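Chemist: could you look at this predicted model? Sequence included:
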Amino acid sequence: MTSPGTGPVVVYLHGFNSSPKSRKVSELRALLPELAPEAELVVPDLGFDPQRALERAVEAVASAGDRPVGLIGSSMGGFFASVVSARMGIRAALINPAAWPHRLLQDHLGPQYNPYTGEHYELTTDHTSTLEAMEPGERAEDDRLFILVQTADETLDYREALAKHPGARTWIQPGGDHRFQRFERVVPAILAFLFQRGFR
């Protein structure tokens, strides 16, 4: 039995205009006690500012101290997870990730509303420039990444993430959508990849 505060830490990074109250977070909270009872789930509130979001993600990983830590990032959170993975040398699972968000958000500049937080804000070119500057480039180690995509994602082209990280482990599911249908099915494989061991 792992002592409290010494087991692995799962850091979940939510997507654009999402929050720690997202459905996948709720599903993880329900699944972890059964799949990995010694694991702790940490879900930082990233907010909308990219620089602040990255800082909060890094802080969440650093707070694990010497404990094993792995990242799960969805959509925009998948991009941040790839950046943190490159900078801190840890494993990350990217779920329907945004490959190049600075390009994607060009069509969404202007007023924004986050339905989870009720926050209104302005998405600007400064935000997209910040995202572009974060690109991990050659620092990215694809063998630390597990990319999970569903081919009917209505928001992102799943092929972009696969092309960006050709050496990553992949899970390609026909159909589905951007939310990633039946997320619970892939959680055991994600945990096994992040921590390279079983939990039961």
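Modeler: Perfect, thanks for sending it.

Chemist: make it CA atoms for all contacts and neighbour counts henceforth
Modeler: Will do.

Chemist: tally of neighbours for Pro20?
Modeler: 19 (other Cα atoms under 10 Å).

Chemist: before we move on, what about the one 5 residues further on?
Modeler: Using other Cα under 10 Å, Val25 has 18 neighbouring residues.

Chemist: tell me the contacts of it?
Modeler: Val25 makes contact with Tyr12, Val43, according to Cα atoms under 8 Å, 6 or more residues apart in numbering.

Chemist: try it again at 10 Å.
Modeler: Going by Cα atoms under 10 Å, 6 or more residues apart in numbering, Val25 touches Tyr12, Leu13, His14, Ser19, Leu31, Leu41, Val42, Val43.

Chemist: tell me which of these fall in strands.
Modeler: Counting by DSSP state E, the part of those found in strands is Tyr12, Leu13, Leu41, Val42.

Chemist: among those, which two are most distant?
Modeler: Leu13 and Leu41 (10.8 Å; Cα to Cα).

Chemist: between those two, who's got more neighbours?
Modeler: Leu13 (32 against 16).

Chemist: hey, where'd the strands end up in this protein?
Modeler: With DSSP E as the criterion, the chain has strands at 9-13, 40-42, 69-74, 92-95, 110-114, 119-123, 145-150, 169-173.

Chemist: would you reformat those strands as JSON lines and include distance to Val61 and mean pLDDT?
Modeler: Listed next are the strands of the chain as JSON lines, based on distance: least, Cα to Cα, whole Å; pLDDT from 0 to 100:
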{"stretch": "strand 9-13", "distance to Val61": "7", "mean pLDDT": "97"}
{"stretch": "strand 40-42", "distance to Val61": "9", "mean pLDDT": "97"}
{"stretch": "strand 69-74", "distance to Val61": "7", "mean pLDDT": "97"}
{"stretch": "strand 92-95", "distance to Val61": "11", "mean pLDDT": "97"}
{"stretch": "strand 110-114", "distance to Val61": "25", "mean pLDDT": "82"}
{"stretch": "strand 119-123", "distance to Val61": "26", "mean pLDDT": "83"}
{"stretch": "strand 145-150", "distance to Val61": "16", "mean pLDDT": "97"}
{"stretch": "strand 169-173", "distance to Val61": "22", "mean pLDDT": "96"}
